[in-house]
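**Student:** Give me a 3D structure for the following:
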Amino acid sequence: MTTVLIVEDDDAIRNNVTRLLKLEGYDIVSAVNGREGLLRVREMKPDVVITDIGMPEMDGFALLEAIRGDKAIAGTSVMVLTALDDRASMRRGMTAGADDYLAKPFTRVELLEALESLLKKRGRIEETIQTAVQASEEHLQRAFSESIGGRRMPDKFGLERPDGAVADQVMHATVLFSDIREFTSLAEKLSSTEVAELLTWYFERSSSPVLVNGGRHLKFIGDGLVAVFADTQSDSPLPPSRRALSAALGMALAAHEFRGWLQERFAERGLPPFAIGVGLHAGEVTICRLGPVDAGEKMPIGDTVNMAARLEAASKEFGWTVVATQEVLQEAGAGVQTGGITSLELRPGNFVEVAEIAGLQTTLDDHRHGMAGLAERASEIQAALQVNSEITARAVKGALKSKLEALKDHQFQPGQEPLRMKGYRMVRKIGAGGMTEVYLAVREEDGLAVVLKVLDAGGKATNAHLARFIQEYTLLSRIEHPNVIRIYDQGFTDDHAYIAMEYFERGDLRNEVTRGMSQARVLQVFAQVADALQAVHELGVIHRDLKPENIMMRPDGNAALADFGVAKSMLQAENAAFTQTRHGDVVGTPYYLSPEQALGQHITPATDLYSLGVMLYEMLTGQRPYVAESLDVLLARHLTAPTPQLPAEHAMLQPVLDRLMAKKPADRYPSARALVDDLRQRKLLD
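**Tutor:** Residues are numbered from 1 along each chain as shown. From the prediction side, this is the model:
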């Protein structure tokens with residue numbers, strides 16, 4: 001009897017899976033977390049482990065790594081359960097050695113088919129792919145055994161185990177990680193035999209440029225391919241990163257040509273357009289033996305491999321075909337053509353700069369060592385990259401739009417299967433305003449509570465609202481400061497968008513203002529907001545809507561500046577298309593509006609300092625400095641009324657308030673830093 005271990009912390013899911021599989025005749029063992037699951041695997045050695053990803057004590061990734069790292073149980077088949085659209089977790093699981101994945105929520109039929117496929121079909125498909133790879137290798141050996149550019153290519157291309165290799169070999173190398181976009185959607189429309197045929201033909205074509213460029217340790221993981229480029233004995237003087245880039249571009253071209261074959265082969269099946277993604281990173285790589293010692297299976301592992309896989313997953317979000325880190329670009333040498341350049345957050349506060357690869361200008365040395373085809377087919381490669389990226393972008397937008405539309409109608413009923421989106425588990429709706437809805441969610445990879453701000457910008461105002469929403473993300477993504485709200489993720493379609501932001505359980509500053517604040521507490525918060533404004537202003541951004549509701553409070557009592565929806569770039573200050581604001585419009589909350597905002601005049605960092613002065617008065621007194629029965633009268637008071645006097649106990653702050661709320665911007669502090677320096681000189685701050 002086949003023994004299956006279910007590792008799942010959700011009682012309902014674990015019990016349902018257990019019941020279903022027992023009815024089908026499987027011997028079922030269960031565990032409530034990864035730590036308990038690992039003990040069960042070592043004790044019982046089940047045939048299959050089905051494990052969730054997000055669990056307490058030891059998550060699914062850690063469990064998988066522990067199984068693969070233990071020679072006694074390393075050969076155990078493992079299926080991971082992931083969120084429906086969480087490709088990053090799918091890819092991370094497959095990279096760590098998972099045999100398959102199943103997206104939640106799933107039906108009884110889907111579970112049984114996946115388990116049957118894992119038990120009965122996986123070996124045959126791998127054997128088919130391996131046969132194709134071997135045939136491809138033999139073909140390449142024949143094709144490149146003759147002289148190319150006056151030099152002889154090696155007889156073998158690295159699929160075989162290197163002579164004298166030992167476990168835990170460490171090297172500096174470039175890792176290429178590639179997979180097929182929307183492979184699940186493709187496979188759903190094909191039989192298992194047809195899926196095997198698709199993979200066989202694709203891997204035969206895609207492995208060719210990898211092998212030609214000296215890729216080694218090729219491994220096929222699900223629908224993905226991983227290869228290592230290092231200094232070899234091929235006598236090629238070309239840097240490994242350069243050869244990896246050449247291979248990635250060759251794979252893009254191969255995928256472009258394969259798309260035509262696929263459309264012809266399955267013309268009436270309605271398959272989604274075929275596309276791939278490639279990630280490249282350079283660093284330290286460990287080649288280790290997986291499974292029993294006599295199995296002969298070797299696998300590249302380590303942070304460099306994980307980073308390449310992370311880049312491949314991110315390439316889908318960016319709508320790019322080939323993505324590489326700066327380490328790859330620096331080592332590859334001259335002639336690398338790039339498209340977009342952006343920062344990718346690996347974990348909170350840890351960013352790396354990555355680039356879209358658009359081509360590679362070849363040299364005479366490149367031609368001599370196997371890259372002549374890049375120059376000869378440069379225009380075809382560019383076309384292939386463009387088409388592949390367009391397919392990716394359309395697929396991403398379509399999937400995200402469907403998910404965001406489903407979120408809008410979700411009821412969040414008790415006991416209902418939680419809605420998941422891109423690695424986030426939605427908890428509840430916590431607010432709405434206009435076309436924006438706000439949800440509390442949990443990031444499944446680490447349990448972090450986040451706020452998802454979702455925009456449905458349909459109708460005539462689509463462009464204006466979507467542009468303002470994108471502007472907020474763009475501005476926030478440039479700011480890293482302890483007193484500025486953190487942003488974790490984003491996604492945009494033609495008329496929908498979302499931003500994943502830091503969640504503040506304590507709420508905003510308004511709660512403290514309402515309860516009353518001591519002078520010491522006021523100065524603490526006041527200085528933190530000033531520091532945040534200094535960081536924002538140094539990046540050329542003016543907030544324009546400073547008020548207690550936009551100052552969020554962290555659990556430790558520190559303040560964080562938030563809500564940049566109407567912020568404005570000083571570098572684009574005269575560009576009305578960027579700001580979405582016509583001359584003379586009032587932008588900001590009237591109670592905190594500067595005189596120049598009231599008049600629709602040019603704004604500067606001093607504009608935010610005026611609003612900060614209004615906040616200072618309110619924090620100290622519990623009242624706003626100017627109130628009125630109409631907007632016109634309120635704006636007039638900002639323009640002409642004298643600055644109100646503080647109570648006697650706060651009189652030492654009156655000069656600071658007078659300067660902050662000066663009617664002319666030139667009479668205010670020249671910067672937020674100058675304000676903080678003045679407070680220290682007055683002995684009001686430590």
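**Student:** I'd like to know which elements the helix or strand harbouring Thr342 is packed against.
**Tutor:** Element membership for Thr342 (DSSP states H and E) is strand 336-347. Contact analysis of strand 336-347 by 3 or more Cβ pairs under 8 Å, 6 or more residues apart in numbering; DSSP states H and E lists helix 303-318, strand 350-360 as its packing neighbours. (C-beta placed from N, C-alpha, C; glycine too.)
**Student:** Just name whatever secondary elements the last one is in contact with.
**Tutor:** By that I understand strand 350-360. helix 240-265, helix 303-318, strand 322-325, helix 326-332, strand 336-347, helix 378-409.
**Student:** now the shortest one: mean pLDDT?
**Tutor:** Which is strand 322-325. Across strand 322-325, the average pLDDT comes to 92.
**Student:** could the helices and strands packed on strand 350-360 be laid out in a markdown table, adding mean neighbour count and distance to Glu24?
**Tutor:** Below are those laid out as a markdown table (neighbours: other Cβ atoms under 10 Å; distance: least, Cβ to Cβ, whole Å):
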| stretch | mean neighbour count | distance to Glu24 |
| --- | --- | --- |
| helix 240-265 | 22 | 34 |
| helix 303-318 | 23 | 33 |
| strand 322-325 | 29 | 42 |
| helix 326-332 | 19 | 47 |
| strand 336-347 | 14 | 40 |
| helix 378-409 | 17 | 31 |
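**Student:** Out of those, flag the one nearest Pro670.
**Tutor:** strand 336-347 (30.6 Å; Cβ to Cβ).
**Student:** per-residue confidence averaged over the closest one?
**Tutor:** Per-residue scores along strand 336-347 average to 77.
**Student:** could I have it exported to PDB, CA atoms only?
**Tutor:** The C-alpha trace of strand 336-347 is given here as PDB (Å, rounded to 0.1, in the frame of the first residue of the first chain):
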ATOM      1  CA  VAL A 336      25.600  43.900 -23.300                       C
ATOM      2  CA  GLN A 337      22.400  45.600 -24.400                       C
ATOM      3  CA  THR A 338      19.900  46.300 -21.700                       C
ATOM      4  CA  GLY A 339      16.300  47.500 -21.700                       C
ATOM      5  CA  GLY A 340      14.600  48.400 -18.400                       C
ATOM      6  CA  ILE A 341      16.500  48.600 -15.100                       C
ATOM      7  CA  THR A 342      14.900  48.300 -11.800                       C
ATOM      8  CA  SER A 343      15.400  47.300  -8.100                       C
ATOM      9  CA  LEU A 344      14.100  43.900  -6.900                       C
ATOM     10  CA  GLU A 345      13.300  43.400  -3.200                       C
ATOM     11  CA  LEU A 346      14.500  40.000  -2.100                       C
ATOM     12  CA  ARG A 347      13.400  40.500   1.500                       C
END
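**Student:** List the strands paired with that strand, with their directions.
**Tutor:** strand 350-360 (antiparallel) (DSSP bridges).
**Student:** Just the buried positions in the following helix or strand past the partner strand, please.
**Tutor:** Under the assignment DSSP H and E, the closest C-terminal helix or strand after strand 350-360 is helix 364-368. Residues of helix 364-368 classed as buried: Asp366, His367, Arg368 (neighbour count, 16 or more other Cβ atoms under 10 Å).
**Student:** do the same with stretch 546-558
**Tutor:** Buried-residue list, stretch 546-558, by 16+ other Cβ under 10 Å: Leu546, Lys547, Pro548, Glu549, Asn550, Ile551, Met552, Met553.
**Student:** low-scoring stretches of the stretch 1-150 of the chain, by residue?
**Tutor:** 71, 83-97, 120-150 (pLDDT under 70).
**Student:** please redo it, this time with the cut-off set to 80
**Tutor:** When residues are selected by pLDDT under 80, those of the stretch 1-150 of the chain lie in 1, 68-72, 74-75, 82-101, 103-106, 117-150.
**Student:** Which residue ranges of it form helices?
**Tutor:** Secondary structure of the stretch 1-150 of the chain, counting by DSSP state H, counting those that start in this stretch: helices at 11-23, 34-44, 60-69, 87-95, 108-116, 122-143.
**Student:** Remind me what the first one packs against, helices and strands.
**Tutor:** Contacting helix 11-23 under the criterion 3+ Cβ pairs under 8 Å, 6+ apart are the following elements: strand 3-7, strand 27-31, helix 108-116.
**Student:** from the chain's centre, how far out does that helix sit?
**Tutor:** Put simply, helix 11-23 sits 32 Å off its chain's centre (Cα atoms, centre = their mean, to the nearest Å).
**Student:** which outside residues touch it?
**Tutor:** The contact list for helix 11-23 (Cβ atoms under 8 Å, 6 or more residues apart in numbering) reads 4, 6, 8, 28, 30, 32, 50, 52, 104, 108, 111-112, 115, 415.
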